[in-house]
Structures are given as C-alpha cells and as structure tokens.
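[1] What shape does this take:
(one chain, ligands or ions: 1)
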Amino acid sequence: MDSFLIKGGVPLHGEVQISGAKNAVLPIMAATLLTAEPCVIRGVPNLSDVKFMGQILTWLGAKVGIEGDTVRVHAKKIKGQGDYDLVRKMRGSICIMGPLLGRLKKARVSLPGGCVIGARPINLHLKGFEALGAKLTIQSGYVEAEAKRLVGGAMFLGGRAGSTVLGTANIMMAASLAEGVTVIESAACEPEVVDVANFLNAMGAKISGAGSPTITITGVKELHGAEHHVIPDRIEAATFAIAAAMSNGEVTIKGARADHLHAVIDKLEEAGVVVERRGADMIVRRGKKLKSSDVTTLPYSGFPTDVQAQMMALMTLAPGISIITERIFESRFMHVSELTRLGADIQIEGPSAIVKGGRPLSGAPVMASDLRASAALVIAGLAAKGTTQVNRIYHLDRGYENMDGKLRALGARIQRVDES
Ligand code: EPZ
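    Numbering: from 1, shown residues only. Model (predicted):
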C-alpha cells in the first residue's frame, strides 16, 4: 500500500495544469451505454475510478479503450446487470442504472451501500425512475428497475441536503429515451451535470435547463454516437489553489474554469488569499496574512462539500476561530482527527468543526480515509514543519491525476513510497 512522504516548509512556485473533471467523466462514460454507436471522450484524467468505470462498462458488454486522455466506448450490445462487487467498490457507478433502464428498459444494480462520508442513499434516484414508469424491486442487496415503456413525467428531486448530482444525471439519461416530456424540479445545478447534459445533447438528446433547478428532457427514439471534451476539474483546481496559499507560495493554475469556482474564490479572498485572473489562468498566492473565515457547504453554486476538508486545513493556519459547517454529508469530518495529529486545534460540534487557527503544524504519520480528506492531509503536510507520512493514498489516486508529480513540479518535497 503506497504512502506519500512529505517534507514540509517549501513554498510552491510555478504552473499546474488542471485535469478533466472526475465527476463529469464517470456519468459521461455511463451515458455511452445509451447508444449502439461508438463514442469518444477526450480530456479524461488518468484515475483509478476512470479505469474502474471502464471495467464496469466492459463487464456490461461494451468495448472500452483508454489511450492517454481519450476514452473510446462502443456499447453495441450490453446486458442490464451491474455486478455487486464492481458497483459496491465505487459508489459513483450507480450512474449506470439510468442508461441501462433507458436503453434496455431494465436494470439490475447492487445497492451501493454507504461509505466513510455518509449513508449515501439512492431513494431520489429510485423516485425518479418510478416517475418514468419503472417498477422497482429491492431484493438481496440488488435493486431492479423494469418498465414496459418509459414515459416522461414530472418529478421533484430535492432531498435531505438539497438535490442529488448523480440522481439528476441518472434521470436525465433514462428520460432521454423515454416517450414524451420529463421535467425535473429541484435538479442538481453542478457544472458536471451540465457537462453530462451537453454530452447527451451531442448524442441527439433534447435537454434544456441543465445548470438550473428545472431541467426539461423531451424523449427521442434513439441516440447516436458522439465526441466530447470533458470540463476541467474544479475540485482539483480548488485543491491546488489552497495548496499554494498553505505553502505561502505562488502558483499559476492553468486550464481551470474560474466561473465554476465563484464560491471557493470568494472564501479564499475572505481568508486573505490573493486570486488574480490573467486570461484563462488563475494566479494564487497568500496575501499579507491569513484570516479566519466561516464556511458552510451547500449545493452548487454554494461552497462545495468536496473542498471542505482542504479549506479546513487552510484555516488551521489562520489566526482566530473558523467555523466549518458540513451540510451535505452526515459524517465528512474524518480528516479532523488526522489534522489534530499535525498539531491543529479543532473541536467537532454536531455538523460544525470549530478551528482555532494560527499555531504552526508539525509533521507526523497520518491516515487517509476518503478522497478529499486525503488531499487535505497532503496539503497540510506541505505546510507542516518536518516530515508528514500520508498512508493509504490509494484514496487519492481515485480522484487526483499524478498529484505527487504535479506537486514536485511546483517544488514540493514529496515522494511516493511503497508501504507494503
Ligand atoms: C456526487 O456524489 C459526487 N460524486 C461527490 O463527490 C459530491 O460530494 C456529491 O455529488 C455532492 O456534490 C460523483 O459525482 C461521482 P448526491 P452523489 O447524490 O451524486 C443525499 C468526490 O469526492 N441523497 O448529490 O452521490 C446524500 O446522502 C465525491 O469526488 C439522498 O438523500 O451525491 C447527500 O447527503 C464525494 N438521496 C446529498 O443528498 C439520494 O437518492 C448529496 O448527494 C441521493 C442523495
């Protein structure tokens, strides 16, 4: 099992190129199941989650080729069952359900189960499928959806914490091949949902309103193959921006979409970070001094939950009290205990973490738990005095392309070591 060994204290300097968005690529790869024609997806990051989705599509009968940042999928003939083992290992694969239901009018997928950040229910996905006329049965850990005909309908996808990103993608994909018009109220507005809608429209779907809380899909008889270039990963961009501020360096972030990052940029500037826009580039450095700042995670276009852990790491360096409130997932504070091992002073009070910032961090061995918590520990290690060892970084490899290589190119002293 690999670890990262980080010698902190080096300000990051230079340029970093942002990779394609993992959370757009996964549902877009699933969407290729909707057509018997070949599809090409470009700008795909080299991630274990992407390889895994490729394995799932192959298992379902599609031909999948991954060369560099291009993924080719040809789902000429497919079967409608997602294997337990495969789906259990990657929750994001629940987004194969909508395309299977749309194309085959039946889908049998294992219930994804929970993960370290929360229960991860799919009740809203299932509510949407039922609104399209599917009959659902849940049996021995699998959910089966079947429909003689998929008929467009109206539905409300708002849940306990706002809308559902993959639920919105799933319903858009199934509804693309339903008869008639589907209207999704309280749809997720994330840029990744817009990217999925753009890919579906390139395949011949008729979707409008993506990016707003009301999405209208007019079903068509069939979809054809398409080519698509994936949007850049706003969460990776935010992670490197925070790394620049934490290390007290100056980093030019290339290839990011600043218009996807308004909430993050707003909070960083409030915390004393300087974010300069030069054309498409973002130049990020720490200002005169870091300031404490309160953050609450919200559905888009609010502050993203996937940047909560990284922002908390930054706030450990800002003198004063910062209150970080997690409103999307019920237990997304796994990084708190590990950050306190680096010397941070953080108390959890219900959905909030109270950060008493300003003390310098000192290196220690820490354990990665989920993708974004791991990223927070790596960037905290960059700022900590001494050596930090981040164990179990397979979590990171799921969602960050070549993170150690990109950080080394910015001057970080970080090595990948094999801990087995
Ligand atoms: C997507 O997960 C992302 N993953 C997550 O990123 C991200 O944190 C999340 O959206 C929120 O932005 C992918 O896109 C692969 P949700 P998703 O359904 O779609 C509740 C990362 O680090 N809910 O929007 O699974 C749910 O419990 C990952 O890259 C229901 O109650 O998230 C949660 O509290 C982590 N019922 C909230 O909604 C449902 O049927 C948001 O979940 C579905 C969700």
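[2] Given the one helix or strand Ile354 maps to, what are its sheet partners and their directions?
    Following DSSP states H and E, one finds Ile354 within strand 352-357. As defined by DSSP bridges, the strand partners of strand 352-357 come to strand 320-325 (antiparallel), strand 345-349 (antiparallel).
[3] For the ones you listed, give me TSV that also has mean neighbour count and mean pLDDT.
    Backbone N, C-alpha and C define where each C-beta goes, glycine included. Conversion of the strands paired with strand 352-357 to TSV gives the following (neighbours: other CB atoms under 10 Å; pLDDT from 0 to 100):
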stretch	mean neighbour count	mean pLDDT
strand 320-325	18	98
strand 345-349	13	98
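[4] In a markdown table: the ones you listed, plus distance to Arg359.
    Listed next are the strands paired with strand 352-357 as a markdown table, based on distance: least, CB to CB, whole Å:
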| stretch | distance to Arg359 |
| --- | --- |
| strand 320-325 | 12 |
| strand 345-349 | 6 |
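[5] Of those, which is nearest the ligand?
    The ligand lies closest, by CB to the nearest ligand atom, to one member of the strands paired with strand 352-357: strand 320-325, at 13.8 Å.
[6] in this structure, what residue sits furthest out from the centroid?
    Centroid-distance maximum for the chain: Lys148 at 33.7 Å, with CA atoms, centre = their mean.
[7] quick one: that residue and Lys105 touch, right?
    Yes: counting by CB atoms under 8 Å, Lys148 touches Lys105, with 7.2 Å between them.
[8] Backbone dihedrals for Thr164, please?
    Thr164 adopts backbone torsions of phi -130, psi 120, taken as degrees, to the nearest 10.
[9] Begin at 21 from now on, thanks
    Noted, 21 is the first residue going forward, which turns the last one into Thr184.
[10] my guess is it meets Glu210, correct?
    No: assessed by CB under 8 Å, Thr184 is found out of contact with Glu210, at 10.2 Å.
[11] Within range of the ligand, give me the residues from the stretch 21-170 of the chain.
    Lys42, Asn43, Leu46, Gly112, Gly138, Ala139, Arg140, Pro141, Ile142, Asn143, Leu144, His145 (CB under 6 Å from any ligand atom).
[12] coming back round to it: now for the strands paired with strand 372-377, which one comes closest to Ser228?
    Ser228 lies closest, by CB to CB, to one member of the strands paired with strand 372-377: strand 340-345, at 34.0 Å.
[13] Pull out the C-alpha coordinates of that closest one and format them as PDB.
    In PDB, the C-alpha atoms belonging to strand 340-345 read as follows (Å, rounded to 0.1, in the frame of the first residue of the first chain):
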ATOM      1  CA  GLY A 340      -8.600  33.100  15.200                       C
ATOM      2  CA  ILE A 341     -11.700  30.900  15.100                       C
ATOM      3  CA  SER A 342     -13.100  29.500  11.900                       C
ATOM      4  CA  ILE A 343     -16.400  27.500  11.900                       C
ATOM      5  CA  ILE A 344     -16.700  24.900   9.100                       C
ATOM      6  CA  THR A 345     -20.200  23.500   8.700                       C
END
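[14] can you list the residues that contact it?
    Among residues not part of strand 340-345, those counted as contacts by CB atoms under 8 Å, 6 or more residues apart in numbering are 311-317, 328, 331-332, 335, 371-378.
[15] repeat that for 7 Å
    Strand 340-345 is contacted from outside by 312-316, 328, 331-332, 335, 371-378, using CB atoms under 7 Å, 6 or more residues apart in numbering.
[16] Flag the shaky bits of this structure, pLDDT-wise.
    By pLDDT under 70, the weakly predicted segments of the chain are 102-104, 440.
[17] So what are the structural domains in it, by residue number?
    22-39+252-438, 42-249 (automatic domain parsing).
[18] if we can go back for a sec, next secondary structure element downstream of the strand holding Ile374?
    strand 385-387.
[19] residues contacting Ala189?
    Applying CB under 7 Å, 6+ apart, the residues contacting Ala189 are Pro47, Cys115, Gly118, Val213, Val216.
[20] Mind doing that once more with 6 Å?
    Pro47, Cys115, Val213, Val216 (CB atoms under 6 Å, 6 or more residues apart in numbering).
[21] Give me the neighbour count for the first one.
    Spelled out, it's Pro47. 29 (other CB atoms under 10 Å).
[22] Also the second one?
    Counted with other CB under 10 Å, residues neighbouring Cys115 total 25.
[23] Which of the three states applies to it?
    helix (DSSP: H, G, I helix; E, B strand; the rest coil).
[24] Helix or strand: which one has the residue nearest to the spatial centre of the chain?
    Residue closest to the average C-alpha location in the chain (CA atoms, centre = their mean): Asn43, at 4.2 Å. Using DSSP H and E, the element containing Asn43 is helix 42-51.
[25] Show me what that helix is in contact with.
    61, 64, 67, 69-70, 73, 112, 115-116, 119, 189, 193, 212, 215-216, 219-220, 250-251, 419.
[26] Quick one: the helices in the stretch 271-420 of the chain, in order.
    Ranges of helices in the stretch 271-420 of the chain, per DSSP state H, counting those that start in this stretch, are 282-290, 328-335, 354-361, 391-403, 414-419.
[27] cool, and the stretch 71-220 of the chain?
    With DSSP H, counting those that start in this stretch as the criterion, the stretch 71-220 of the chain has helices spanning 104-109, 117-124, 143-151, 185-195, 211-222.
[28] Of all those, which one is nearest Ala246?
    Closest among those, using CB to CB: helix 211-222, at 3.8 Å.
[29] since we're on the residue nearest to Met423 when sequence neighbours are not counted, how many residues are nearby?
    Nearest residue to Met423 in three dimensions, chain neighbours excluded: Leu416, at 5.8 Å (CB to CB, 6 or more residues apart in numbering). Counted with other CB under 10 Å, residues neighbouring Leu416 total 25.
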